[in-house]
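[1] my questions are about this predicted structure, shown below with the sequence.
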Amino acid sequence: MSGKGSIELVCGPMFAGKSTEISRQVSRLTGAGKAGHAALFVPCCDVRHGVGVLSTHDGNSLEAIAIAAPFALADDIRFVIIDEVQFLDAERFEGNVVEWILSLRDQGRSVLAAGLDRDWQGSPFPVVEELSLKADRVLRLRARCAKCGGPATRTWRPDATGGIFALGGAGDYEPLCLEHWTEEATRAGIPLPVDSNAV
């Protein structure tokens, strides 16, 4: 395989349109007649809408390959798309997903990865944080704050319970601006991360 590969990372809070952006890119590839040269992946652990299903919050869904380890790709696969990449950490992925993504770029493939940049307690997801440093392009999306309607850069869990990897959707999580997230975290007694003021 020849040609220069690339890595694009799409990140932000829940409800910012990350999966919708992936769906849009898949449609673009389909319209250009390149869908047969693309592979779409989701983590095995994300079964909110079924195994191997990428679903957007506006109700669209796409078939995908559920992975928990590096996947051998045919030579004609030029585009690799990975949703919910934050879940592909050391506990849920055999090997290092960032190294796998870097190897795909080295093979001349274009990789588009999307994921949450922070958990609901405000700490960066390690996989997304590392990818953001190694990607050729990073697109940070924002949602609309559920409290004030301003730009939301954080995800909050209204019941303030559960681990950082608790799967959920609307009703389980809400997007908040930094000011309202800080208020909710302080009220719930959540220790603020060192970089909690970072946008």
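    Looks like it arrived, so ask away.
[2] where do the helices sit along the chain?
    In the chain, the helices defined using DSSP state H lie at 18-31, 97-106, 126-134, 178-188.
[3] reformat those helices as JSON lines; add mean neighbour count.
    (Each C-beta comes from the backbone N, C-alpha and C, glycine too.) Shown next, in JSON lines, are these (neighbours: other CB atoms under 10 Å):
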{"stretch": "helix 18-31", "mean neighbour count": "18"}
{"stretch": "helix 97-106", "mean neighbour count": "19"}
{"stretch": "helix 126-134", "mean neighbour count": "18"}
{"stretch": "helix 178-188", "mean neighbour count": "17"}
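[4] out of these, which comes closest to Ala114?
    Of all the helices of the chain, helix 18-31 sits nearest to Ala114, with 4.2 Å by CB to CB.
[5] helices or strands up against the closest one?
    strand 6-12, strand 38-43, strand 53-55, strand 79-82, strand 110-116 (3 or more CB pairs under 8 Å, 6 or more residues apart in numbering; DSSP states H and E).
[6] can you redo the ones you listed as a markdown table with mean neighbour count?
    Listed next are the helices and strands packed on helix 18-31 as a markdown table, based on neighbours: other CB under 10 Å:
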| stretch | mean neighbour count |
| --- | --- |
| strand 6-12 | 22 |
| strand 38-43 | 22 |
| strand 53-55 | 19 |
| strand 79-82 | 23 |
| strand 110-116 | 25 |
